[in-house]
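Test case, fold it:
(chains A and B)
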There are 2 protein chains.
Amino acid sequence: MVTTNALSEAFQATSIQLAGHGKRNIGVLKDVVESLDSETLSDIYGNGEIIEQFQVKMAAYLGKESAVFFPSGTMAQQIALRLWADKKKQKKVAYHPLCHLEIHEADGLKELHHLDVHLLGEENRVVTIHDLESMPTDVAVVLLELPQREIGGQLPEWEELVRMSSYCRTNGIYLHLDGARLYEILPYYGKTAAEVCELFDSAYISMYKGIGGIAGAILAGSDNFIQEAKVWKQRYGGNLISLYPYIVTANAYFDERHDKMPEYYENAKKLAQLFNTCAHIQTVPETPVSNMFHVHIDASKEELERIFTTVMKTTDIGITSYVKEMSDETLGFELSLGDQLGQIPETELENVFSLLRNAMNNL
Amino acid sequence: MVTTNALSEAFQATSIQLAGHGKRNIGVLKDVVESLDSETLSDIYGNGEIIEQFQVKMAAYLGKESAVFFPSGTMAQQIALRLWADKKKQKKVAYHPLCHLEIHEADGLKELHHLDVHLLGEENRVVTIHDLESMPTDVAVVLLELPQREIGGQLPEWEELVRMSSYCRTNGIYLHLDGARLYEILPYYGKTAAEVCELFDSAYISMYKGIGGIAGAILAGSDNFIQEAKVWKQRYGGNLISLYPYIVTANAYFDERHDKMPEYYENAKKLAQLFNTCAHIQTVPETPVSNMFHVHIDASKEELERIFTTVMKTTDIGITSYVKEMSDETLGFELSLGDQLGQIPETELENVFSLLRNAMNNL
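Below you'll find the model as predicted:
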């Protein structure tokens, strides 16, 4: 989606960006590794203090019996769904039409596990209790993604989520949480990670999205479930001799940032409001419920690339490196707030939006 | 296999070890990362200079059109066999009974791809041309592991290898190289990596075994084959947003060590000869053909643990952290030579074997 063009180059050249924690460069690794003791031993094929202690820490944070560190969420979630399907002896799984497994994994779930998929609800809204009530009766497991990334990070209300969880429990359907961005929704719900995960049989959480680690994922559930997940992790070639480069960074950035989610959430609401003061621009959701939102814009690609390139060159502040077709076919881009917005002086931020407002008004 | 006991503790306490490049600790990462530029950008989902340049470099080294970096050899090799089976439209693959895919991957190949396996030859010897000639006619691909790790790193003679390659080409059977330890056999064959790989349709090489990186693997083959392998890499969840911690270390240790293989090979022969001067001890192979060999010992586990613990405590030199049942059911352990042996003064090495000889003679 990201094309190397004037827009992308202008973005890369800026000193600071509205979204994120900063550039994905080797500094992210170096900053953490420099403070570590060289003598600390590597994990070895899933064993060793460095991985086991982190898994215990994350299991406690998520309120589950056990957790296992995976190189990727793709691997973790395919395995979770396979395990629940096997346990239920039913090959059907259900998730949102814009689920990561449906659109970003080259059909890994179907090609590797031959599971059938029932798509819940519609692309441009979150899954509801009614979508669950109208599922085929042979669904083994439902995956809910909180927040629903591809529609700007929308969420069901807490009461609706509780109703969906109860429905699954009552009907013997397993419920898995795609919590790639779980940290980021806790301020809106006003709940702990454990309180959200309590509604689910298993949960995955990303080690790089919200907290800004390098890569990796945690899958959490019962002791027995995680034992079985480890067998599949080995089958996938995910039980690397050493995963510690991802683990030490995940641990460091978790400690540094998981308590900053309320700040990112407040900044997301503030930034969305600024975008919404511009003609032809609308954020989705209008008021963010996490640290992320989508910016939808009614203008041509050429106009947008020209405007954003100019504003970024003028202000030295990065807005976006691309504009692409969003889920509702308007053009736009995604923003996930991190450490950086708070580092931009108010006056400079006002300047960005003053220029942007002028440019959009003149379209 | 490794039990935490007196033997293992004595080994961990030694200052230097006969085999390997040194301890697998965070220093292995730190030493490399400290010299890198913090501003160097991460790879992103398989794209970016840091991964693309290394892939080009390794493809050239292996004499193949294209290469792709994988987090693990397990993932790379399952995918290679699946691709050849699909291309041939036959579900049967053939490899040695002690192949990594057969004994170390929790049946990933069978569980994820439903391929059938024909085992070639017998456990305690390498695969021969006769094993290929007597295969079922519906084998799509043969995997040869050079050297055959589980029997001490044995090799077919070069002429036999050429014959096996010709047989496969003549009969339209694909040939894949499990070259986890490919660097290590080049001195014995007196060939370049590209000359060995030329006999094969695809090749995998480890980024941590011989050269001492942290983890990772390269799969090499034709452009088309590697394009398809990348799709499966995504399906497996192996196309991580960032693989650079493994790539930068693989690159650094490849540069540092791939030319040292003749030294490791000579040291392996010298060390095996020393072991073979001890009563009840025999190395497999008797004369190593790579940097590795197995030490087989006719004595009880208790005797061996006592003897090795004593010798290691006396000399401060690590021999082994374990003794286990080897493929022929005698007890023993594996050694893979690296930088360390060359750092041990002759007199100290003689002392180790003088003590060991005495102890073994008194059994």
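
Name the residues of the stretch 51-200 of chain A found near chain B, please.
In this structure, the stretch 51-200 of chain A approaches chain B at residues A:70-76, A:78, A:105-108, A:111-113, judged by Cβ under 8 Å from any Cβ of the partner chain. For the C-beta atoms, the positions are set from N, CA and C on the backbone; glycine is no exception.

Just those: which are in strands?
residue A:70 (DSSP state E).

Could you write me a ChimeraX select line covering just the buried ones among the residues of the stretch 51-200 of chain A next to chain B?
This is how ChimeraX selects the buried members of these, with burial counted by 16 or more other Cβ atoms under 10 Å in any protein chain shown:
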select /A:70,71,72,73,74,75,76,78,105,106,108,111,112,113
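
who's residue A:292 bridged to?
Per DSSP bridges, the residues bridged to residue A:292 are residue A:336.

Kindly apply the preceding question to residue A:44 instead.
Going by DSSP bridges, residue A:44 forms beta bridges with residue A:47.

again with residue A:332
With DSSP bridges as the rule, residue A:332 is bridged to residue A:296, residue A:324.

from what I can see it touches residue A:323, true?
Yes. Applying Cβ atoms under 8 Å, one finds residue A:332 in contact with residue A:323, separated by 6.5 Å.

residues shared between the contacts of the two?
Common neighbours of residue A:332 and residue A:323, using Cβ atoms under 8 Å, 6 or more residues apart in numbering or on different chains, are residue A:297.

all helices for the stretch 51-200 of chain A, in order.
Taking DSSP state H, counting those that start in this stretch as the test, the helices found in the stretch 51-200 of chain A are A:73-88, A:100-103, A:108-113, A:129-133, A:158-170, A:186-189, A:193-197.

neighbouring contacts of the last one?
The reference is to helix A:193-197. With Cβ under 8 Å, 6+ apart as the criterion, helix A:193-197 contacts A:61-64, A:146, A:177, A:179, A:182-183, A:185-186, A:189, A:203, A:205, A:220.

separation between residue A:135 and chain B?
Distance of residue A:135 to chain B, computed by Cβ to the nearest Cβ, to the nearest Å: 26 Å.

How about the contacts made by that residue?
By Cβ under 8 Å, 6+ apart, residue A:135 lies in contact with A:94, A:118, A:120, A:142.

for the stretch 201-350 of chain A, what spans make up the helices?
Along the stretch 201-350 of chain A, the segments classed as helices by DSSP H, counting those that start in this stretch run A:223-235, A:244-257, A:261-276, A:301-315, A:346-361.

surely residue A:361 meets residue A:281?
No. Judged on Cβ under 8 Å, residue A:361 makes no contact with residue A:281 at a distance of 10.7 Å.

and these two? which has more neighbours close in?
residue A:281 (20 against 10; other Cβ atoms under 10 Å in any protein chain shown).

re the thing from before, what's the closest of the contacts of residue A:135 to residue A:357?
Distance to residue A:357, by Cβ to Cβ, is smallest for residue A:120 among the contacts of residue A:135, at 38.6 Å.

Could you check how many residues crowd around the closest one?
Neighbours of residue A:120 using other Cβ under 10 Å come to 22.

Please verify my assumption that it contacts residue A:130.
No. Residue A:120 is beyond contact range of residue A:130, at 9.9 Å (criterion: Cβ under 8 Å).

Wait, residue A:202 touches residue A:224, no?
No. Between residue A:202 and residue A:224 there is no contact under Cβ under 8 Å: 11.2 Å.

Who has more neighbours out of these two?
Neighbour count, other Cβ under 10 Å: between residue A:202 and residue A:224, residue A:202 has more, with 28 against 12.

Please tell me how far that one sits from residue A:153.
Distance check for residue A:202 against residue A:153: by Cβ to Cβ, to the nearest Å, it reads 22 Å.

repeat for residue A:55
Residue A:55 is 27 Å from residue A:153, where distance means Cβ to Cβ.

which one of those two has more residues nearby?
residue A:153 (27 against 19).

For residue A:264, see how far away the more buried one is.
11 Å.

same deal with residue A:164?
Residue A:164 is 26 Å from residue A:264, by Cβ to Cβ.

Please apply the same query to residue A:107.
Applying Cβ to Cβ, the value for residue A:107 to residue A:264 is 33 Å.

Roughly how far does the residue nearest to residue A:118 when sequence neighbours are not counted sit from residue A:135?
Counting by Cβ to Cβ, 6 or more residues apart in numbering or on different chains, residue A:118 lies nearest to residue A:94, which is 4.2 Å off, once chain neighbours are set aside. Residue A:94 sits 6 Å away from residue A:135, taking Cβ to Cβ as the criterion.

intersection of neighbour lists for the two?
Common neighbours of residue A:94 and residue A:135 (Cβ under 8 Å, 6+ apart) are A:118, A:120, A:142.

can you pull the contacts of the second one?
Right, the one you point to is residue A:120. By Cβ under 8 Å, 6+ apart, residue A:120 lies in contact with A:94, A:95, A:96, A:97, A:127, A:131, A:132, A:135, A:142.

Deepest-packed of the helices of the stretch 201-350 of chain A, please.
Most buried of the helices of the stretch 201-350 of chain A, by mean neighbour count (mean count of other Cβ atoms under 10 Å in any protein chain shown): helix A:244-257, with a mean of 22.

what helices or strands is that helix leaning on?
Applying 3 or more Cβ pairs under 8 Å, 6 or more residues apart in numbering or on different chains; DSSP states H and E, one finds that helix A:244-257 contacts helix A:27-33, helix A:49-62, strand A:66-70, helix B:244-257.

Tell me which of the ones you listed lies nearest to residue B:50.
Of all these, helix B:244-257 comes closest under Cβ to Cβ, at 5.2 Å.

Surely residue A:254 touches residue A:211?
Yes. The pair residue A:254 / residue A:211 is scored as a contact, 5.2 Å apart, by Cβ under 8 Å.

hang on, the earlier thing: farthest pair in the contacts of residue A:135?
Most distant of the contacts of residue A:135, by Cβ to Cβ, are A:118 and A:142, 9.0 Å apart.

more neighbours, these two?
residue A:142 (27 against 15).

Identify the residues contacting the residue lying closest to that one once chain neighbours are set aside.
Among residues not flanking residue A:142 along the chain, residue A:94 sits closest, at 4.8 Å (Cβ to Cβ, 6+ apart). Contacts for residue A:94 (Cβ under 8 Å, 6+ apart) come out as A:117, A:118, A:119, A:120, A:132, A:135, A:139, A:141, A:142, A:143.

and the last one, how many neighbours does it have?
Yep, that's residue A:143 we're talking about. Applying other Cβ under 10 Å, we find 27 residues neighbouring residue A:143.

Retrieve the pLDDT associated with the nearest residue to it once chain neighbours are set aside.
Distance criterion Cβ to Cβ, 6+ apart; nearest residue to residue A:143, sequence neighbours excluded, is residue A:95 at 4.1 Å. Looking at residue A:95, its pLDDT stands at 98.
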